[in-house]
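>>> give me a 3D structure for the following:
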Amino acid sequence: MNLDLRIPIGLMFALAGMILAAFGLKTDGNEALYARSLGINVNLWWGLVLLAFGLTMYVFGLRGQKRIEKEKNRK
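Predicted structure coming up:
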């Protein structure tokens, strides 16, 4: 099995990031919720960070998977 582990990890982080960012967008106007974080919508920002990390891992995983298949076809 020649599956690059970055693909499922990237999908997992991207999904978690989308959920967290969606929650951050839904609760954007709730000042009481974000009072402890000085009014910064932490859910939205960390959701976007997780989404970017997940997509980066996924893209690198796809590139690695193509490289594996290319090497397998050469043999």
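>>> same for the top helix by length along the chain, what does it pack against?
Longest helix in the chain, counting residues (DSSP state H): helix 42-74. If you count contacts as 3 or more Cβ pairs under 8 Å, 6 or more residues apart in numbering; DSSP states H and E, helix 42-74 packs onto helix 6-26. Backbone N, C-alpha and C define where each C-beta goes, glycine included.
>>> quick one, the helix it packs on and helix 42-74 angle?
Calculated by axes from the mean of the first three to the mean of the last three Cα atoms, to 10 degrees, helix 6-26 forms an angle of 160 degrees with helix 42-74.
>>> can you pull the buried residues of helix 6-26?
Going by neighbour count (16 or more other Cβ atoms under 10 Å), the buried part of helix 6-26 is Arg6, Ile7, Gly10, Phe13, Ala14, Ala16, Gly17, Leu20, Ala21, Gly24.
>>> ok, those vs Leu55, which is closest?
Proximity of those to Leu55 (Cβ to Cβ) peaks at Ala14, which lies at 5.5 Å.
>>> list the contacts of the closest residue to the closest one other than its chain neighbours.
Nearest residue to Ala14 in three dimensions, chain neighbours excluded: Gly54, at 3.0 Å (Cβ to Cβ, 6 or more residues apart in numbering). Counting by Cβ atoms under 8 Å, 6 or more residues apart in numbering, Gly54 touches Ile9, Gly10, Leu11, Met12, Phe13, Ala14, Leu15, Ala16, Gly17.
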